[in-house]
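*Asks:* I'll drop the sequence and a predicted model, then ask my questions.
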Amino acid sequence: METLNQKLAGILEVEEVYDDQLLESFECWDSLTLLSIIALASKDYHREFNADQIRDSRTIKGLCDLLTK
């Protein structure tokens, strides 16, 4: 089973992600990436978020916390 960090790494087009990484620091960080994360939240975690909520999480850890609360 693929972990959340592995799924996020795939969306962010990197090999792996670390808790303290800023979301904005990823080269592919754009509106399509936001939509992919929103879709992941809906499909895998049955949670609904908007782009501002994802952006406000700021880091990988913040995003993981948001998705798994």
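*Replies:* Alright, I've got the coordinates.

*Asks:* tell me what the longest helix along the chain is packed against?
*Replies:* Counting residues, the longest helix found in the chain (DSSP state H) is helix 31-45. Packing contacts for helix 31-45, counted by 3 or more CB pairs under 8 Å, 6 or more residues apart in numbering; DSSP states H and E, involve helix 4-11, helix 51-56, helix 60-68. Backbone N, C-alpha and C define where each C-beta goes, glycine included.

*Asks:* just the CA trace of it, in CSV.
*Replies:* The C-alpha trace of helix 31-45 is given here as CSV (Å, rounded to 0.1, in the frame of the first residue of the first chain):
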residue,chain,number,x,y,z
SER,A,31,-2.8,25.2,-9.6
LEU,A,32,-2.8,21.8,-11.2
THR,A,33,-0.8,20.4,-8.3
LEU,A,34,-3.2,21.9,-5.8
LEU,A,35,-6.1,20.3,-7.7
SER,A,36,-4.3,16.9,-7.6
ILE,A,37,-3.9,17.2,-3.8
ILE,A,38,-7.6,18.2,-3.5
ALA,A,39,-8.5,15.1,-5.6
LEU,A,40,-6.3,12.9,-3.4
ALA,A,41,-7.9,14.2,-0.3
SER,A,42,-11.4,13.5,-1.7
LYS,A,43,-10.7,10.1,-3.1
ASP,A,44,-8.4,8.6,-0.4
TYR,A,45,-9.4,10.4,2.7
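
*Asks:* quick one: mean pLDDT over it.
*Replies:* When pLDDT is averaged along helix 31-45, the result is 97.

*Asks:* just stretch 5-14 next, same as before
*Replies:* Mean predicted confidence for stretch 5-14 is 97.

*Asks:* flag every buried residue along it.
*Replies:* 5, 7-9, 11-12 (16 or more other CB atoms under 10 Å).
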